[in-house]
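Asker: please find the sequence and the predicted model below.
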2 protein chains.
Amino acid sequence: MTNAICRITVLPDRREAIVEQGTLLQEAIAATGVAVSLPCGGQGRCGRCLVRVEDGPVRRRASARLTPAQVQEGYALACQTTIEGNVTVYVPPQQAEHVPSDGATGAADKAAPLAVACEHRAEPWIKKYALTIEPPSLDDNTNDFDRLRRELARQHQVADCVTTLPVLQTLAGKLRAANWQVTAVLEHGNWQAPDSAPRLVDVCPGDTTGRTLALAIDIGTTTNVVYLVDLASGALLDQASAYNGQIACGEDVISRIIYARRPGGLERLQALVMQTLNGLIDDLLARHGLTPEEIYLAAVAGNTTMIHLFLGLDPQHIRLEPYIPTVNHPMPVTAAALGLHIHPQATVDCLPGVGSYVGGDITAGVVCSRMAEEEPVTLFIDVGTNGEIVLGNSEWLLSCACSAGPAFEGAGVACGMRATEGAIERVRIDRRTFEPTYESIGGAAPRGICGSGMISLLGEMFVTGVIDKSGHLNRHLDTPRIREGADGPEYVIAWASEAGNGNGNGNGSERAADIVITEPDIQNLLRAKAAIYAGISVLVHSMGLEIADVERFIIGGAFGKYIDIDKAVEIGLLPDVERERFTYLGNTSVQGAAIALLCREHRAHMAEIAKMMTYLELGADNSFMNEFTLALFLPHTDLDSFHSVKRELVANGRG
Amino acid sequence: MTNAICRITVLPDRREAIVEQGTLLQEAIAATGVAVSLPCGGQGRCGRCLVRVEDGPVRRRASARLTPAQVQEGYALACQTTIEGNVTVYVPPQQAEHVPSDGATGAADKAAPLAVACEHRAEPWIKKYALTIEPPSLDDNTNDFDRLRRELARQHQVADCVTTLPVLQTLAGKLRAANWQVTAVLEHGNWQAPDSAPRLVDVCPGDTTGRTLALAIDIGTTTNVVYLVDLASGALLDQASAYNGQIACGEDVISRIIYARRPGGLERLQALVMQTLNGLIDDLLARHGLTPEEIYLAAVAGNTTMIHLFLGLDPQHIRLEPYIPTVNHPMPVTAAALGLHIHPQATVDCLPGVGSYVGGDITAGVVCSRMAEEEPVTLFIDVGTNGEIVLGNSEWLLSCACSAGPAFEGAGVACGMRATEGAIERVRIDRRTFEPTYESIGGAAPRGICGSGMISLLGEMFVTGVIDKSGHLNRHLDTPRIREGADGPEYVIAWASEAGNGNGNGNGSERAADIVITEPDIQNLLRAKAAIYAGISVLVHSMGLEIADVERFIIGGAFGKYIDIDKAVEIGLLPDVERERFTYLGNTSVQGAAIALLCREHRAHMAEIAKMMTYLELGADNSFMNEFTLALFLPHTDLDSFHSVKRELVANGRG
């Protein structure tokens, strides 16, 4: 017996779809083309997928997130409710809008040099060779492939090469159409078989050796970034970024892993991230007038769960004790096998990780930081949705991970946004009037706040007394900036009249609104910074060291182009040590991926570094929860460990 | 503007389909599920796709094959006629029946040893390893793949291994479902990278090391053969054969290449051969209670065109001067990439060929014959739809190819069939009464004649005077066996009352008919044997040798289990030399493929042999046409070169 068929109508846009009786409301709504995000992965925990059933029968699972009054008014959690007949539901616009649309890519820094230069002489995996081939004749009837190989040997001393069936399937036609004047694209081995015979990836008409394009990709839990790199010159040609489309299925890795358990869940997550990446790639290609077939290599960095989902590997055992991934260092895969919009025969190379909670993005960061090549004890922090921390030097490396949440990436914060044009990235608050001044990326009208802006804002609010050490707004200050909003007290950073089109979520159809920070936003940021600081403390202490023993702090992450170290110390995200010990490297994950593209030697080094790193499980001792609780205050419960901040508070009359 | 829609009705079974106006009649008929074969590849040359238009408008292209009277009666060539409205056509049963249905597989010789034993110690590419793996714990949280590799090293000294994404995608689940007791299936390199790290092809629950299955495949232009081989024991477990489904698109390689030029033609040819092979594989699997996932390797031998079509490579330049294939030695390909019904990650290894008209089937034959390892000058002949001949020894090898046609494989002969149960394989004709006696395969009621039966029959008919030296039947003999049939004079080998169900085409729904050989059949056989003999002559003379200088003649081919050498000499297929110089090896192509499965060393040797062979283009000199014309008589125009046959004719009073 099959289920009955029901019609679902989604308001306010009256979108419709036909689904089976018993379909989950969230899936039925998705079938109409409207996305409802499931920040907790559809477990009914977060209550963020609330919709109102206007008409028709549904079945709700009991949920602590719904009050009887809400049920009375028709409210339902889309992830916990099934459709039992023809149904009309109202999806509040903010539900559908919570996740900004993909494809809103960052401002391009054309042909900028890579932030971390490759010191080894660049020796990329992919090289191009121009060939003029003598056409066959009755006297010289060598087959097409051997003829091409013969010329590679004669003209370029490439002793041998192999290829794949799809390349052979078009070879005869391509050689003749190009009148035997072609460029051969060769991949010279890969990390798994660096000394194997080169592989013919493509044959193009004419001489295209001028540039050899590849992509460095960072798959963050919240943000995805793609760099377009020219292997021939080593130049970064362009970049693009967007939120990971998987956010609709959960905000953190655990929620995504739970989502992957559903029938078709893993496939959906894989499809969503591929959609985000392909959107970014298509944008980059369009900007430069390129076709996917011109991109011959991609290096991918991401945490272990993101890489499992990207490759379609079941991530369940990452979440279940004893926390085992299928693989730390996946083999090279062709783009065709994944559906990535580059040359189908191009290799997609996922960088090696350490374990379930320290992935290839961190290996990439350690390579960027150069900490594993030098003597001073260094601490590397990558702040993303997870915060990963590595401590060590050329002798030893110890790592840990803590769940920070996506606040510093602009998600889970009302006016948060990625570090793209119009994002507020720096704030000053007048110590008397509490009026803010700000700088936005590109000098554009502000649309929201990015991670570096939030750190700057939070620090200013704290040292000026706009918020207290628990993060609560001071309602007694004489300023219209502090007011009661829909989610409780909030502070207005920019009035609607100053703001750019729409809020930070980038939906151009909205009218401009005030840009605010709410108390719930502040609590999210406090939890994020406390998790990072607690991780730093536990890691350092576990080696019998004190924070003062750490000679360098290298910071990577999703803050945007810069982070104001003073402000990060003021809020207690970073420890209060001499400022010259800090270096901010930006997105070290995507930079590490770019280095892997450009240099075989560095790529080989990554595998060694990943093997060398020891992983410390924070869940295994109580000290992390203790440190976390201590760090939930501004800057910290123990103000004496933040002496420079203490001095400033005293100077401001707040000591 | 799109074309109008027409209905086609095919008689006598009243099958119907809807097609676009302008569709080729052959394709419209195919759309109803009725196959009409195009022996000439749809060029309108052979006239064998004749159908009768009963009703409705069609448009005929002019063809010399249709008389005005035929057009008047409604006849049309299905390959040269388009549909211009609703049409009813009558397809004569023999048109649809000319190609036997696939899947009629040969009688199995269970667990027979391979005809040519492998002298090297068998060292197959695929080996299985039983593993008991310690489950992970918090203290030992190595990832799944590295854990498996660690045990392979510990328990079996396999230092390292790599794998592919599909294997990783199921690894976590398989290891846990099997409670960490598994068998790892490893491929130890391939001919292209014999020393590369072994590749994990599969992980199975429990211990399945008892047998390791693989397939040896021969893709003949007319006949496809599959051997099921156990690599662990070296035993041939079973075999199956059927006509190549591509016959519907042309009988010889040239017709197929022409067919491949049509839009979708190459894809169709590839799909047809895959359908034939998968039918054979499915039969073998069903007989032995196996699943496709239990077959871990396939070696494929075939002529260069067959291999191009099997791999989806455009074969056009094989036909056009200067006759260039895309590749002689294709790279290993996964079964998934081709759609072959074995383990998707299994390697499909196509054996190396020499050039456009000497393929991997011949390299396989030379390896079987061992001629390249010994000193005596040897001549190897593989009789199939093409006849390929190799002359030489361990010092030199010269090869040529001549188009023999499919007569010896039972196709293109009215009562021809493959060498399966019920095939007449040996005939004696009484010198006085002209009554035949025969032996059929399996002792079953006769259903048709196979290749060895045709040679035996032709030889008997000639030495008894039933036919003259031009192959014409003697109408003056006093026997009811010689009579006028639908296609001219014919000789009855078995009356309907003796015959098995249906004729040789194996269609069980038919009523038994007399088994006959017609004058057109005899002419086909004469052309086939003349082509082979002419090839032998030209090759031997081109080296400055005489036939008497050849110390051994090794014969492979599609004759069935044996060939009567005396009879083959009587008809002039083979030269008249001492009988002990001849050896018949059967299907050397599939046997060579089996050797390639079983022994890495032999497989490597094949690549060397292929490179060592020189190809002589018979089209390039006139001597082949001269020799062919001389050989069109029984046994030959020059009876003196067939002294033993001459003696016998004299003894029979026919000298």
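Answerer: Nice, thanks for sending it over.

Asker: burial count for whichever residue of the stretch 451-600 of chain A sits closest to chain B?
Answerer: Going by Cβ to the nearest Cβ, chain B is nearest to A:Ser542 of the stretch 451-600 of chain A, at 16.3 Å. C-beta: built from backbone N, CA, C; applies to glycine. Residues near A:Ser542, counting by other Cβ atoms under 10 Å in any protein chain shown, number 15.

Asker: try A:Pro330
Answerer: Counted with other Cβ under 10 Å, A:Pro330 comes out at 26.

Asker: quick check: the residue nearest to it when sequence neighbours are not counted vs A:Ser399, distance?
Answerer: Excluding its sequence neighbours, the residue lying closest to A:Pro330 (Cβ to Cβ, 6 or more residues apart in numbering or on different chains) is A:Cys350, at 4.5 Å. According to Cβ to Cβ, to the nearest Å, A:Cys350 stands 18 Å off from A:Ser399.

Asker: of the two, which one has the most company?
Answerer: Higher neighbour count among A:Cys350 and A:Ser399: A:Cys350, with 28 against 23, using other Cβ under 10 Å.

Asker: so that one makes contact with A:Leu313?
Answerer: No. At 10.4 Å, A:Cys350 does not count as touching A:Leu313 under the criterion of Cβ atoms under 8 Å.

Asker: identify the contacts common to these two.
Answerer: Applying Cβ atoms under 8 Å, 6 or more residues apart in numbering or on different chains, one finds that A:Cys350 and A:Leu313 are jointly contacted by A:307, A:330.

Asker: who's the closest residue to A:Leu165 other than its chain neighbours bridged to?
Answerer: Nearest residue to A:Leu165, sequence neighbours excluded (Cβ to Cβ, 6+ apart): B:Val333, at 5.1 Å. Bridge pairing for B:Val333 (DSSP bridges) gives the partners B:Val348.

Asker: residue contacts, B:Val333?
Answerer: A:165, B:311, B:347-348, B:350.

Asker: pull out the buried positions in stretch A:421-436.
Answerer: Using 16 or more other Cβ atoms under 10 Å in any protein chain shown as the test for burial, stretch A:421-436 gives A:421-427, A:429, A:434, A:436.

Asker: oops, could you answer that again for stretch A:29-43 instead?
Answerer: Result for stretch A:29-43 [16+ other Cβ under 10 Å]: buried residues A:29-32, A:34-43.

Asker: restricted to strands, list those.
Answerer: Among the buried residues of stretch A:29-43, none falls in strands (DSSP state E).

Asker: give me every residue in the stretch 351-500 of chain A lying close to chain B.
Answerer: With Cβ under 8 Å from any Cβ of the partner chain as the criterion, the stretch 351-500 of chain A comes near chain B at residues A:355-356.

Asker: residue in the stretch 351-500 of chain A nearest to chain B?
Answerer: A:Gly355 (6.5 Å).

Asker: name the nearest residue to that residue, ignoring sequence neighbours.
Answerer: For A:Gly355, the spatially nearest residue (Cβ to Cβ, 6+ apart) is A:Tyr615, at 4.7 Å.

Asker: show me the contacts for that neighbour.
Answerer: A:354-355, A:357-358, A:399-400.

Asker: which one of those residues sits closest to A:Cys79?
Answerer: The nearest member of those to A:Cys79, counting by Cβ to Cβ, is A:Tyr357 at 25.5 Å.

Asker: and that closest one, what are its phi and psi?
Answerer: Torsion angles at A:Tyr357 (phi, psi; degrees, to the nearest 10) stand at phi -120, psi 10.

Asker: what separates it from A:Gly619, distance-wise?
Answerer: 10 Å.

Asker: more crowded one of those two?
Answerer: Neighbours per residue (other Cβ under 10 Å) separate A:Tyr357 from A:Gly619, with A:Tyr357 holding more: 25 against 13.

Asker: quick one: contacts for that one?
Answerer: So A:Tyr357 contacts A:303-304, A:318, A:323, A:386, A:388, A:400-401, A:615 (Cβ under 8 Å, 6+ apart).

Asker: quick one: which of these sit in strands?
Answerer: Going by DSSP E, the strands hold A:386, A:388, A:400-401, A:615 from the contacts of A:Tyr357.

Asker: okay if I get these as a markdown table plus pLDDT?
Answerer: Output for these, formatted as a markdown table (pLDDT from 0 to 100):
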| residue | pLDDT |
| --- | --- |
| A:Asn386 | 87 |
| A:Glu388 | 95 |
| A:Cys400 | 95 |
| A:Ala401 | 94 |
| A:Tyr615 | 92 |
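
Asker: just the buried residues of the residues you listed.
Answerer: A:386, A:388, A:400-401, A:615.

Asker: next one: the residue nearest the centre of chain A from A:Ile307, what distance?
Answerer: Centroid-nearest residue in chain A, with Cα atoms, centre = their mean: A:Gly220, separated by 2.2 Å. Using Cβ to Cβ, one gets 12 Å for the distance from A:Gly220 to A:Ile307.

Asker: which parts of the stretch 1-150 of chain A are helices?
Answerer: Assigned by DSSP state H, counting those that start in this stretch, the helices in the stretch 1-150 of chain A fall at A:25-31, A:68-72, A:93-97, A:144-156.

Asker: my guess is A:Val185 contacts A:Tyr296. True?
Answerer: Yes. Counting by Cβ under 8 Å, A:Val185 touches A:Tyr296, with 5.6 Å between them.

Asker: please enumerate the shared neighbours of the two.
Answerer: Counting by Cβ under 8 Å, 6+ apart, the residues touching both A:Val185 and A:Tyr296 are A:126, A:201-202, A:212.

Asker: and the furthest pair within the buried residues of stretch A:421-436?
Answerer: So, the buried residues of stretch A:421-436 by Cβ to Cβ: farthest apart are A:Glu421 and A:Phe434, at 27.4 Å.

Asker: can you pull the contacts of the residue lying farthest from the centre of chain A?
Answerer: Most distant from the centre of chain A: A:Asp139, at 58.2 Å, with distances by Cα atoms, centre = their mean. By Cβ under 8 Å, 6+ apart, no residues touch A:Asp139.

Asker: and the pLDDT at it?
Answerer: The per-residue pLDDT reported for A:Asp139 equals 89.
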